[in-house]
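*Asks:* only geometry, no sequence info:
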Ligand code: AMP
Ligand code: MG
């Protein structure tokens, strides 16, 4: 079926209460109408996602913002002007029209406009905001191709649109405007440095505060099948396991590795953090597919997209 036809078919499914998977620039999303509570409930069921973990609403026009959010502070508007469409989600006080199941009963709603033509056409044709978390089982590695979605959820979704690999490949940065000070709930595809250059200092909640702001930010997430261990350098590569997979930012000289390192994945030839973020989830999946006993992951510089990569590695290590 031609792409335009697929989009039309999906839009119709969505209007009828269906659940479809579609590409965005971050990862593949599992979407339903934001206003159909039964359809939203099906997203939670398909993903086996706890109901306390709220969903991001995806919109196609900035005009929809004021229909969903009660109050949009000037600093939020500045970020939206700069980064939408793109990998930035803002959490704003919600209007009553947003069902509680979407926000897990929280007073705020998370909103984003994706930078992907298929996603925008789909939302526009459906004619309503789409509630759309990543199209994977809760807690596992996020999908960056349609095949990743089909492997895990193919049997349970109404349709999958294949838009090729995701251009950014890591989830959106989430900034909350629910208290006086903007707070970073999740590092992601929009660099914190760029955000702060526009609105000034953003608060970075500690782990305890984060759970209050954002209950879904549970520590364990993005789990590979093999346990993932964060190491500081190659001297910390575990020696007890017989098959180690090594994950590093750049290619390394393998002559220094212990013999139990059976496979290596590097994220970018020249250490480009944007490229590295884009390759991260697929590299984690390939290491799993190789059947390693353990994945040893080296850190990346904690700046720009590196913050999002380190966050995902940290949470993958918490399984
Ligand atoms: P995901 O759907 O996996 O990309 O995750 C969405 C994340 O965005 C959640 O786990 C929260 O961290 C955050 N989020 C979404 N909606 C809200 C909300 N209403 N209030 C606070 N945080 C939210
Ligand atoms: Mg997710």
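*Replies:* Nice, I can see it. All of these numbers come straight from a predicted model, not from anything done at the bench. Ligands and ions are numbered 1, 2, ... in the order given.

*Asks:* What's the end-to-end length of stretch 291-306?
*Replies:* 26 Å (C-alpha to C-alpha, to the nearest Å).

*Asks:* actually stretch 139-148, sorry about that
*Replies:* End residues of stretch 139-148 are separated by 14 Å (C-alpha to C-alpha).

*Asks:* which stretches of the stretch 1-150 of the chain form helices?
*Replies:* 3-15, 37-47, 65-68, 74-83, 100-103, 117-126, 146-153 (DSSP state H, counting those that start in this stretch).

*Asks:* Up against ligand 1, what does the protein have?
*Replies:* 53-56, 91, 103, 106, 108-110, 133-134, 171, 174, 176, 185-186, 213-214, 216-217 (C-beta under 6 Å from any ligand atom). All C-beta atoms are positioned from the backbone trio N, CA, C, and that covers glycine.

*Asks:* again, only using 5 Å
*Replies:* Neighbours of ligand 1 within the chain, by C-beta under 5 Å from any ligand atom: 54, 91, 103, 106, 108, 110, 133, 171, 174, 185, 214, 216-217.

*Asks:* Tell me the buried residues within the residues you listed.
*Replies:* 54, 91, 103, 106, 108, 110, 133, 171, 174, 185, 214, 216-217 (16 or more other C-beta atoms under 10 Å).

*Asks:* follow-up on the earlier one: dump the residues of the chain next to ligand 1 into a markdown table; add pLDDT as well.
*Replies:* Shown next, in a markdown table, are these (pLDDT from 0 to 100):
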| residue | pLDDT |
| --- | --- |
| 54 | 96 |
| 91 | 98 |
| 103 | 97 |
| 106 | 95 |
| 108 | 97 |
| 110 | 98 |
| 133 | 98 |
| 171 | 98 |
| 174 | 98 |
| 185 | 96 |
| 214 | 72 |
| 216 | 65 |
| 217 | 66 |
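
*Asks:* Which other helices and strands does the lowest-mean-pLDDT helix or strand in the chain contact?
*Replies:* Lowest by mean pLDDT, DSSP states H and E among the helices and strands of the chain is helix 207-213, with a mean of 77. Secondary-structure packing of helix 207-213 (3 or more C-beta pairs under 8 Å, 6 or more residues apart in numbering; DSSP states H and E): strand 183-186.

*Asks:* Residue ranges in the protein under the pLDDT threshold?
*Replies:* 215-218 (pLDDT under 70).

*Asks:* From what I see, residue 199 and residue 182 are in contact.
*Replies:* Yes - look at residue 199 against residue 182 with C-beta atoms under 8 Å: they come within range, at 6.1 Å.

*Asks:* Out of the buried ones among the residues of the chain next to ligand 1, which is nearest to residue 60?
*Replies:* residue 110 (16.0 Å; C-beta to C-beta).

*Asks:* contacting residues around the closest residue to the closest one other than its chain neighbours?
*Replies:* Excluding the flanking residues, the one nearest residue 110 by C-beta to C-beta, 6 or more residues apart in numbering is residue 56, at 4.3 Å. Going by C-beta atoms under 8 Å, 6 or more residues apart in numbering, residue 56 touches 89, 110-112, 131-133, 172, 174.

*Asks:* Look up how far residue 151 lies from residue 56.
*Replies:* Here the criterion is C-beta to C-beta, to the nearest Å. By it, residue 56 lies 23 Å from residue 151.

*Asks:* what does residue 309 give?
*Replies:* 23 Å.

*Asks:* next one: residue 208
*Replies:* From residue 208 to residue 151 the distance is 36 Å (C-beta to C-beta).

*Asks:* So between the two, which is more surrounded?
*Replies:* residue 151 (12 against 7; other C-beta atoms under 10 Å).

*Asks:* gap between the two ends of stretch 83-95?
*Replies:* 23 Å.

*Asks:* For residue 199 and residue 182, indicate the residue with more neighbours.
*Replies:* The residue with more neighbours, out of residue 199 and residue 182, is residue 182; 22 against 18, by other C-beta under 10 Å.

*Asks:* ok, and the closest non-adjacent residue to the more buried one?
*Replies:* Leaving out its chain neighbours, the residue that sits closest to residue 182 by C-beta to C-beta, 6+ apart is residue 202, at 4.9 Å.

*Asks:* Spatially, what comes nearest to residue 11 if we skip its sequence neighbours?
*Replies:* residue 125 (3.6 Å).
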